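A.B. asks: Curious how this folds, go ahead:
(chains A and B)
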2 protein chains.
Amino acid sequence: MLPTVEWTGDSVVMIDQRKLPSTEIYVTCRTAADVARAIKTMVIRGAPAIGVSAAMGIALGLSKSKATGTKQFTTEFQKTCDLMAGTRPTAVNLFWAIDRMKRAFAEAAQGGGSVDEIKARLVVESQRIHDEDVASCRTMGAHGATLVPDTARILTHCNAGALATAGYGTALGVIRAAAAQGKTIAVLADETRPFLQGARLTAWELVRDGIDTTVITDNMAGSMMRLGDVDLVVVGADRIAANGDVANKVGTYSVAVLAREHDVPFYVAAPISTIDLQTANGDGIPIEERNDREVTHVGSSRLTPVGARVRNPAFDVTPAKFVTAIITERGIARPPYQESLAALVGGRQ
Amino acid sequence: MLPTVEWTGDSVVMIDQRKLPSTEIYVTCRTAADVARAIKTMVIRGAPAIGVSAAMGIALGLSKSKATGTKQFTTEFQKTCDLMAGTRPTAVNLFWAIDRMKRAFAEAAQGGGSVDEIKARLVVESQRIHDEDVASCRTMGAHGATLVPDTARILTHCNAGALATAGYGTALGVIRAAAAQGKTIAVLADETRPFLQGARLTAWELVRDGIDTTVITDNMAGSMMRLGDVDLVVVGADRIAANGDVANKVGTYSVAVLAREHDVPFYVAAPISTIDLQTANGDGIPIEERNDREVTHVGSSRLTPVGARVRNPAFDVTPAKFVTAIITERGIARPPYQESLAALVGGRQ
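C.D. replies: The predicted structure follows:
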């Protein structure tokens, strides 16, 4: 399985997703600040992977604390949590993972645990988050594969794969599970400008797995659907509001509108940790605007002239009405999402 | 005005559109084969500009003919026309321009003209095609500007500007005319992968003209419309079928679907020479598939992994039902296009 992010005992190691597919380089984070920087600069990205990394970053940072008393240790823990929370605003898995670490801390501290005991508990919790994420992806894949016909041409946007999670992937987990069941799968991967997660990461993952993969520029998706070359769409999510509105990589909304125009099912695959019942609808989801350079340059090539302005919202919101179903590890939610999502999050199905 | 393509007397000079905006280099074509190669490799592109270049290329090639009799000269002329016709399949202006050159040849030959007289006539005809194209763009701009509100945020896709024509532009002609009338215009330019005509050429042209221009990746267009940031869309065309179906740069179809979803007017600006009444509808328009490298690389950066396939259709077809109006130099066509386009082409309005 792909080594997206690993805990080594005294560091967190990640494959540098900015360098793929041409180079496989691993980045070793030795401090919480290293991990925060890696998240911010997109060494690692993808909502579930961001959550796992933040948890590991907190465990890493605190494991190296020189605090002798719990008071000082608690202050350091808070600061480290704040550092992680400030990295990226849209993926709710980040805040979910930080909350889990806070609960683990509180539990360990409440029992009168020593600094060393709390340290150990934080490492265990970050490992649990990691391992649960992989397990979630596999279960999600099994649920999602029931929606995939025996022969299917599947369009996906961005990378919701092993690299976006602790392993296996959400949208790509569905594709992997369908392929593993012997279904005949061909994937159309939107290249996903500006960061090119589709061309660079999704294609790289799927080709490694021997799955038939064709990269298209984002603006070809509509034409492919019109020509009848897409049977279904499956994408990941960075945050799903209580009403089923989905924030995901910019361009997802266009794909959803095009899918409905062509009666192509549009599925979202995401773990329960991506569902944010505290946010009523998509209007409440903060959308990160990233730096211009991602749009103005590719590698060393400058694309735009000096004097032209640039927009770079990293995400967009797809209203729930465009979403055919939401695939989670606890089952598949269908409209109306207000009820179906609340039931899944509450553990009822 | 921008020097898209010029006749110098013994060569055809073009600005190299592959190198913009970082470098302004001019390519000097000394033979018809040079011009054909320039069209094929997209030194010059844009349906009207391709037509003008092909005409100039024919005039250039024949002006250097060593033929002494009209029989040999006619054979050379035919070969040169075939060479030009083989460059790119979608833009009908290419074939329209070649036909005009054939009629000019026939007229000059019919009158018993000498080889030198025919040569002169071909040069005159190519210049006429050039000059008429500029005039058409200006008239088209004036017609189109009537559709633009006093304050308008206009989205355009690809480059339908001075660089795509002999000068001034079709879609960008409409924008220029509206700006010249004192309207407050802000342009959103789709970057237009894979060749990036929007980021590289449209932004470059508009910034030179002092028009407020913001480049977005193609996949942001839908989101911008949903946020209410687009008042109208105007694009060019490579071929318009008799029923109003429009072939244009790949991605145009997606923009059209998104525009209709958001009740944003979707206008096409193109000269009469782009209307192909011989082609009943979009299904009859040949769509060029270009080489993989345009998708797999930007500059020296490789984007996709080895083993991933790629699609690269250069154009797509937007069905007439998505087109609010078609702006030509003879006036504005509205649905039903079967009648309105036939009337404009026939010279009736």
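
A.B. asks: Return stretch A:146-159 as CSV; C-alpha atoms alone will do.
C.D. replies: The C-alpha trace of stretch A:146-159 is given here as CSV (Å, rounded to 0.1, in the frame of the first residue of the first chain):
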residue,chain,number,x,y,z
THR,A,146,-22.4,-1.8,-5.1
LEU,A,147,-23.2,1.4,-7.1
VAL,A,148,-20.7,0.6,-9.9
PRO,A,149,-22.0,-1.4,-12.9
ASP,A,150,-20.1,-4.4,-14.1
THR,A,151,-18.6,-2.3,-16.9
ALA,A,152,-18.1,1.3,-16.0
ARG,A,153,-16.3,4.4,-17.3
ILE,A,154,-15.9,6.5,-14.2
LEU,A,155,-14.9,10.1,-14.1
THR,A,156,-13.2,11.5,-11.0
HIS,A,157,-11.9,15.0,-10.1
CYS,A,158,-8.8,15.8,-8.0
ASN,A,159,-7.3,13.0,-6.0
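
A.B. asks: which residues sit in contact with A:A49?
C.D. replies: By CB atoms under 8 Å, 6 or more residues apart in numbering or on different chains, A:A49 lies in contact with A:4-5, A:163-166. For glycine as for every other residue, the C-beta is placed from the backbone atoms N, C-alpha and C.

A.B. asks: which one is the residue in the stretch 101-250 of chain A that chain B sits nearest to nearest to, not counting chain neighbours?
C.D. replies: Nearest to chain B, among the residues of the stretch 101-250 of chain A, is A:N219, at 2.7 Å (CB to the nearest CB). Nearest residue to A:N219 in three dimensions, chain neighbours excluded: B:G251, at 2.7 Å (CB to CB, 6 or more residues apart in numbering or on different chains).

A.B. asks: Repeat that for A:A259.
C.D. replies: A:F266 (4.1 Å).

A.B. asks: Show me the contacts of A:A49 that map onto helices.
C.D. replies: Using DSSP state H, no member of the contacts of A:A49 falls within helices.

A.B. asks: Which one of these sits in the busiest neighbourhood?
C.D. replies: Neighbour counts for the contacts of A:A49, by other CB atoms under 10 Å in any protein chain shown, peak at A:T165, which reaches 33 neighbours.

A.B. asks: Surely that one touches A:R138?
C.D. replies: No - between A:T165 and A:R138 there is no contact under CB atoms under 8 Å: 10.4 Å.

A.B. asks: anything in contact with each of the two?
C.D. replies: Counting by CB under 8 Å, 6+ apart, the residues touching both A:T165 and A:R138 are A:G173.

A.B. asks: what mean pLDDT does stretch A:267-285 have?
C.D. replies: Here stretch A:267-285 scores 98 as its mean pLDDT.

A.B. asks: tally of neighbours for A:T217?
C.D. replies: 28.

A.B. asks: Ok, A:K66 next?
C.D. replies: For A:K66, the count of nearby residues is 8 (other CB under 10 Å).

A.B. asks: Could you do A:V323 as well?
C.D. replies: Residues near A:V323, counting by other CB under 10 Å: 25.

A.B. asks: Please apply the same query to A:P335.
C.D. replies: 15.

A.B. asks: residues in contact with it?
C.D. replies: Taking CB under 8 Å, 6+ apart, one finds A:244, A:320-321, A:323 in contact with A:P335.

A.B. asks: For it, which three-state class applies?
C.D. replies: Judged by DSSP: H, G, I helix; E, B strand; the rest coil, the three-state class of A:P335 is coil.

A.B. asks: Contacts only, for the residue of the stretch 1-150 of chain A found nearest chain B.
C.D. replies: In the stretch 1-150 of chain A, the residue that lies nearest chain B is A:P21 (3.8 Å; CB to the nearest CB). Residues in contact with A:P21 (CB under 8 Å, 6+ apart) are A:200-201, A:203-204, B:302, B:304-305.
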